[in-house]
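Student: coords below, sequence missing:
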């Protein structure tokens with residue numbers, strides 16, 4: 001009997017998913033699509049209900065030309081094939097504690113708690129607050145060196 005391989009899970013922050021649909025940031029869009037396809041296809045993708053909701057809200061309201069509901073909702077439904085973390089009361093309490101003990105917003109703290117709780121080895125984000133956080137997992141900006149400005 002062969003030993004089972006350990007699957008390394010990666011967690012994507014909202015900003016990575018938003019870039020999948022950003023035609024104004026071609027290099028970041030290509031990078032984000034690659035990360036998404038690689039990890040969704042290998043069943044190593046993780047995200048949270050918070051990330052899904054933030055993604056939907058952002059792409060249907062913030063861009064100059066928002067995504068139609070059907071496109072955004074359809075993409076969000078496809079992402080349900082990933083490992084989706086639904087925050088429990090304990091996870092919310094941990095995020096409150098992390099936020100209170102650091103400079104992280106409650107929302108960033110909840111993303112970090114969700115990533116750690118599902119056993120992700122890496123959290124991909126462009127958020128400078130998360131990138132400077134102390135965590136039990138690696139926090140990586142996948143867009144470093146692409147020559148486009150970072151977001152908060």
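Tutor: Done, it's in. Remember, it's a predicted structure, so these values are computed and weren't measured experimentally. Numbers count the residues shown, from 1 in each chain.

Student: can you give me the helices in this structure?
Tutor: For the chain, the helices defined by DSSP state H occupy 14-19, 26-41, 49-61, 69-79, 89-100, 106-117, 128-131.

Student: show me which positions of stretch 80-92 end up buried.
Tutor: Neighbour-count burial for stretch 80-92 flags 82-85, 87, 91 (criterion: 16 or more other CB atoms under 10 Å). Just so you know, the C-beta spots here come from the backbone N, C-alpha and C atoms, and that holds for glycine as well.

Student: which residues touch that stretch?
Tutor: 9, 39-40, 43, 45-50, 52, 95, 110, 113-115, 117-118 (CB atoms under 8 Å, 6 or more residues apart in numbering).

Student: which of the residues you listed count as buried?
Tutor: Counted by 16+ other CB under 10 Å, the contacts of stretch 80-92 give 9, 39, 45-48, 50, 52, 95, 110, 113-115, 117 as buried.

Student: among those residues, which two are most distant?
Tutor: Greatest spacing in those, by CB to CB: 39 and 95 (23.5 Å).

Student: dihedrals phi and psi, the closest residue to residue 40 other than its chain neighbours?
Tutor: Among residues not flanking residue 40 along the chain, residue 82 sits closest, at 6.0 Å (CB to CB, 6 or more residues apart in numbering). Dihedral angles of residue 82 (phi, psi; degrees, to the nearest 10) stand at phi -80, psi 180.
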